[in-house]
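J.: pasting the sequence and the predicted coordinates here, then a few questions.
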Amino acid sequence: MELIDYPLKYQRHATRVVHIGHVAIGGDNPICIQSMLTAATGDVAGCLQEIRSLQEVGCGLIRLAIPARMDLERIPELRRVLQEEGINIPLIADIHYSPQLALDACELFEKIRINPGNYSDNPKSVNRQTDGNYFAEGHEKLKEAIQPLSEKLKKFGNSLRIGVNQGSLSSRMMERYGDSPQGMVQSALEMVALFEALDFFQIVVSLKSSNPITVQKAYRLLVAEGPETNAVPLHLGVTEAGNELMGRIKSLVGMGSLLTDGIGDTFRVSLTEPAANEVVFAKELIEAVNRSINAGEADKGSWCRPVDHLRMKNRLFTSSGVDIGSGSPLKIGKQSGSSLPKTEIAVEADFSFEVDGETVIIGNERFQAMSRRKLWWKEPISKNQSGIVLDSKLSLRELRAYYRHHEGKAESSAIGMIYPIDSDMADEIHVGAILSEGLLDFLLIPAEIEAEAMTRLLTLLQAARARILTTEYITCPSCARTLFDIESTVNSIKKQTRHLKGVKIGVMGCIVNGPGEMADADFGYVGSGKGKIDLYFGQDKVERGIDEKDAVEKLIGLIKEKGRWS
């Protein structure tokens, strides 16, 4: 199947062009969608089947995990069959821990992905807190390790992805920055500078986390700290997003507003599902991003930077004993005389409201409804008005501009929005961006909303961290390192635990990124050997080597033992 061109209707963040085989990303090239095989790399037949399915849906780049040398040894056979079938999708080798494997993979792949956090930058010093040379020593060790890789990459015409994961930052970066967006950015910038000093520039950077808000912050910080032109192309992704609706909505929240702002040259939607599903949804996401961009926003001059997820302390008002505004958590309102639809995610409205023409009434307060046709951030709002209600189509840039205009001034009116009952994915991207930047104090749900739309909205609220309403799952999408049937396991765990509001459960295929990527999970289920599972409570491994057939039951027992079952 011929690849589909996905131009976006805005001016993108300026990046240089990087070539991955015959595919070019960055610059003015269309955004490239990619995926990763779930089959074991040594299983040539399984890999071929997945690659064929990815070609059918228009995947631009395919990544394979290379956990051991035996996996590299099967690549020539895979390449031979792909050539016979006329499949010419560039392949990417995913390498962890082994610099030698990265070197050997250069001859067999168009692109190599390494993780600075576990590649080769931990110094031998043991007294980390008192040794002033600890950071510098690790830097020099990393510099030495990448020099032969740089030479090999240039020799074979490869490109490189510097793939930073929040959950696997090096000990050096953790001790200096913590597992923060700043630590992720500094890890990437250090590695980029080292390669560029060796005259290698065919570099792509990713900054991934299972938290969509962290993803947004990290990429925006990198763009702010990097050069305005000729910057390194960016690979977007929310890692361990999960499956089904939550996995898709997490990806939408984490990447939607970045793409809307022109950030991102290639991306992957990481789902715990067949790889082709990732590409299908990625294409829907790009199309929705285009729909979410108003024609008047395409002009670069109308751009206004995000407010860095810090909501102003807008004016506080109280309705039926519920505090709204002034930095309090987002509140949900239902229309008077109606009930919120029943969904699997349980939620009760915090207050009721009525609509009277262009006025919204909450308790004893009457709020002015604002449409995008008014340049209302330039107009004074009555000092007697506690809040305003936005048109759901109001431009994200206009709303950001309102916040910028009021920065440092006396407290402003609380801000709410009526959720559109006819919302589609474009609206979800728009509202998700507003929620994830913390720009709303309250959200009003119309009486006409149906159960399916309500489910999507509640999932959106959770993904944007605006309200925690259900269990949070951090699940890897599987790859050749996965040591058990993760897709069926995730579905089994979700079926039995989805009622645990606010509990975070990590389900990880292996120990490479597992414990780190689920760092903020309350409970962890991690593959540790063929058919063997380790269980975690927080960061503590509490049981090891459990037989896979007993592990889900033991996980549930652990949750009950720790008093988190309800």
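T.: Received the coordinates, thanks.
J.: next helix or strand past the helix or strand of the chain with the lowest mean pLDDT?
T.: None of the helices or strands of the chain scores lower by mean pLDDT, DSSP states H and E than helix 514-517, at a mean of 67. Once helix 514-517 ends, the next helix or strand along the chain (criterion: DSSP states H and E) is strand 523-529.
J.: could you point out the helix or strand that follows that following strand?
T.: On the C-terminal side of strand 523-529, the nearest following helix or strand under DSSP H and E is strand 532-537.
J.: in the protein, which helix has the most residues?
T.: Across the chain, the longest stretch assigned as helix under DSSP state H is helix 134-156.
J.: show me where pLDDT drops low in the stretch 401-550 of the chain?
T.: Confidence mapping of the stretch 401-550 of the chain against pLDDT under 70 gives the ranges 404-412, 511-517.
J.: which residues in it form helices?
T.: Counting by DSSP state H, counting those that start in this stretch, the stretch 401-550 of the chain has helices at residues 425-436, 451-463, 486-497, 514-517, 548-561.
J.: so of those helices, which one's packed in deepest?
T.: Mean neighbours per residue, mean count of other C-beta atoms under 10 Å, is largest over those for helix 425-436, with a mean of 24. Where you see a C-beta, it was placed from the backbone N, CA and C, and this is true even at glycine.
J.: can you tell me which residues contact the residue nearest to R16 when sequence neighbours are not counted?
T.: Nearest residue to R16 in three dimensions, chain neighbours excluded: N230, at 4.8 Å (C-beta to C-beta, 6 or more residues apart in numbering). Each residue near N230 by C-beta atoms under 8 Å, 6 or more residues apart in numbering is listed here: A14, T15, R16.
J.: now the helices: where do they sit in the stretch 201-350 of the chain?
T.: Using DSSP H, counting those that start in this stretch, helices in the stretch 201-350 of the chain cover 212-225, 244-260, 275-292.
J.: single out the most deeply packed of these.
T.: Note that of these, helix 244-260 is the most buried (mean count of other C-beta under 10 Å), with a mean of 25.
J.: what angle do helix 275-292 and that helix make with each other?
T.: Relative orientation of helix 244-260 versus helix 275-292 (axes from the mean of the first three to the mean of the last three C-alpha atoms, to 10 degrees): 50 degrees.
J.: elements contacting helix 244-260?
T.: helix 212-225, strand 234-236, helix 275-292, helix 425-436, helix 451-463 (3 or more C-beta pairs under 8 Å, 6 or more residues apart in numbering; DSSP states H and E).
J.: swap in 6 Å and give it another go.
T.: Helix 244-260 sits against helix 212-225, helix 275-292, helix 425-436, helix 451-463, with contacts defined as 3 or more C-beta pairs under 6 Å, 6 or more residues apart in numbering; DSSP states H and E.
J.: send me stretch 535-551 as CSV with only the CA atoms.
T.: Taking Å, rounded to 0.1, in the frame of the first residue of the first chain, the C-alpha atoms of stretch 535-551 are listed here in CSV:
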residue,chain,number,x,y,z
LEU,A,535,5.2,-8.5,41.7
TYR,A,536,5.9,-5.0,43.0
PHE,A,537,4.4,-2.8,45.7
GLY,A,538,5.6,0.7,44.7
GLN,A,539,9.2,0.3,43.9
ASP,A,540,9.7,-2.8,46.1
LYS,A,541,9.8,-6.2,44.6
VAL,A,542,7.7,-8.3,47.0
GLU,A,543,7.4,-11.6,45.1
ARG,A,544,9.6,-13.0,42.3
GLY,A,545,9.4,-15.8,39.8
ILE,A,546,5.7,-16.5,40.1
ASP,A,547,4.2,-18.9,37.6
GLU,A,548,2.2,-16.9,35.0
LYS,A,549,-0.9,-18.9,35.6
ASP,A,550,-1.0,-17.8,39.2
ALA,A,551,0.3,-14.3,38.9
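J.: buried sites along it?
T.: Buried residues in stretch 535-551, counted by 16 or more other C-beta atoms under 10 Å: L535, Y536, F537, I546, E548, A551.
J.: check the offset of it from the chain's centre.
T.: 26 Å (C-alpha atoms, centre = their mean, to the nearest Å).
J.: what comes into contact with that stretch?
T.: Outside stretch 535-551, the residues within contact range by C-beta atoms under 6 Å, 6 or more residues apart in numbering are F484, G524, G531, K532, I533, D534, K554, L555, L558.
J.: which pair in those residues spans the largest distance?
T.: With distances taken as C-beta to C-beta, the most widely separated pair in the contacts of stretch 535-551 is G531 and L558, at 19.1 Å.
J.: dump the helices of the stretch 201-350 of the chain to JSON lines, plus mean pLDDT and distance to A451.
T.: Formatted as JSON lines, the helices of the stretch 201-350 of the chain follow (pLDDT from 0 to 100; distance: least, C-beta to C-beta, whole Å):
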{"stretch": "helix 212-225", "mean pLDDT": "92", "distance to A451": "24"}
{"stretch": "helix 244-260", "mean pLDDT": "94", "distance to A451": "13"}
{"stretch": "helix 275-292", "mean pLDDT": "93", "distance to A451": "22"}
